[in-house]
Structures are given as structure tokens and as C-alpha cells.
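Chemist: just coords:
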């Protein structure tokens, strides 16, 4: 069991580099499939290059399309953020609007119950609230 500390450190570095290599490879393959500016033949060519000659293919891909890869990722993140904000506005707005309608109807019912407004006035005000 003679395994020096430096060898353990070197092994950990190699494992880390190996994991990072696969992370980069899968990220590039995902970018190839998500890229809308490439036609199917170009996607196939990049994919073959990256899979057949992985080190050279990844190196060439990063040099040729690295900047646009980042731009596409940023645009995708911004689009997802816009969709999330839109969804939150729609959901929160609907709940808030429903609560306002319910409060207004409750106040109208209370006014009618106390005799402050007539049935006809209640129906007119109710129609305004519901439209």
C-alpha cells in the first residue's frame, strides 16, 4: 500500500480533467443539436467530427463557433427569463384580479344587506364589476 500523496493528487487531477472533458463534449453536442443557424448536413458534419476525432473536433468547434455558442446560450437564458416573468405576471395578475372582484362583490352585497342600495343598483354595480 505504497501510494504517495503526490500520486493521489495527480490521480484526482486526471479524474477532474476527464469529467470536465466529458462535460465539454456533451455541452458541444447539445449546442450542435440546438443551433438553429446550422442546416442538417452541417450538424451531421460537426457531430461526426466531434465523435470520430473528439479532441481535434472539440478544439476546432470551440475555435470556430465558441463565441456564437455563448451568444446562443445567453439568448436562450434571456428567453426563458422572459417566459418565466410572463407566466408569473399572468398567474399573479389573474389571482389579484379575482381577489379584487370578490372584494368588490362582497362590499356590494354588504351594502345591499344593510339597505344602502336597492336591488337594481346592486345588479348594475355587479354587472360593472364582472365585466
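Modeler: Good, I have the coordinates. Quick caveat: nothing in here was measured; it's all calculated off a predicted structure.
Chemist: run a quick neighbour tally on residue 45.
Modeler: Residue 45: 13 surrounding residues under other Cβ atoms under 10 Å. For glycine as for every other residue, the C-beta is placed from the backbone atoms N, C-alpha and C.
Chemist: right, and residue 25 touches residue 58 too?
Modeler: Yes - Residue 25 is within contact range of residue 58, at 6.2 Å (criterion: Cβ atoms under 8 Å).
Chemist: what touches both of these two?
Modeler: residue 50 (Cβ atoms under 8 Å, 6 or more residues apart in numbering).
Chemist: now the residue most central in space within the chain: phi and psi?
Modeler: By Cα atoms, centre = their mean, the chain has its centre lying nearest to residue 80, at 3.6 Å. Here is the backbone geometry of residue 80 (degrees, to the nearest 10): phi -60, psi -40.
Chemist: could you point out which element follows the helix or strand hosting residue 63?
Modeler: Here residue 63, judged by DSSP states H and E, is contained in helix 54-113. Scanning forward in sequence from helix 54-113 by DSSP H and E, the next helix or strand is helix 119-130.
Chemist: give me the low-pLDDT residue ranges for this protein?
Modeler: 1, 93-97 (pLDDT under 70).
Chemist: who's sitting farthest from the centroid in it?
Modeler: Quick read of the chain (Cα atoms, centre = their mean): farthest out is residue 115, 53.5 Å.
Chemist: list the buried residues for stretch 108-119?
Modeler: Neighbour-count burial for stretch 108-119, counted by 16 or more other Cβ atoms under 10 Å, picks out 108, 112, 117.
Chemist: compute the number of surrounding residues for residue 61.
Modeler: Look at residue 61: counted by other Cβ under 10 Å, it has 20 neighbours.
Chemist: for it, give its distance to residue 38.
Modeler: 11 Å (Cβ to Cβ, to the nearest Å).
Chemist: need the overlap of contacts for these two.
Modeler: Shared contacts of residue 61 and residue 38 (Cβ under 8 Å, 6+ apart): 32, 46.
Chemist: can you classify residue 38 by secondary structure?
Modeler: Recorded secondary structure, residue 38: coil (DSSP: H, G, I helix; E, B strand; the rest coil).
Chemist: isn't it up against residue 44?
Modeler: No - the pair residue 38 / residue 44 is not scored as a contact, 9.4 Å apart, by Cβ under 8 Å.
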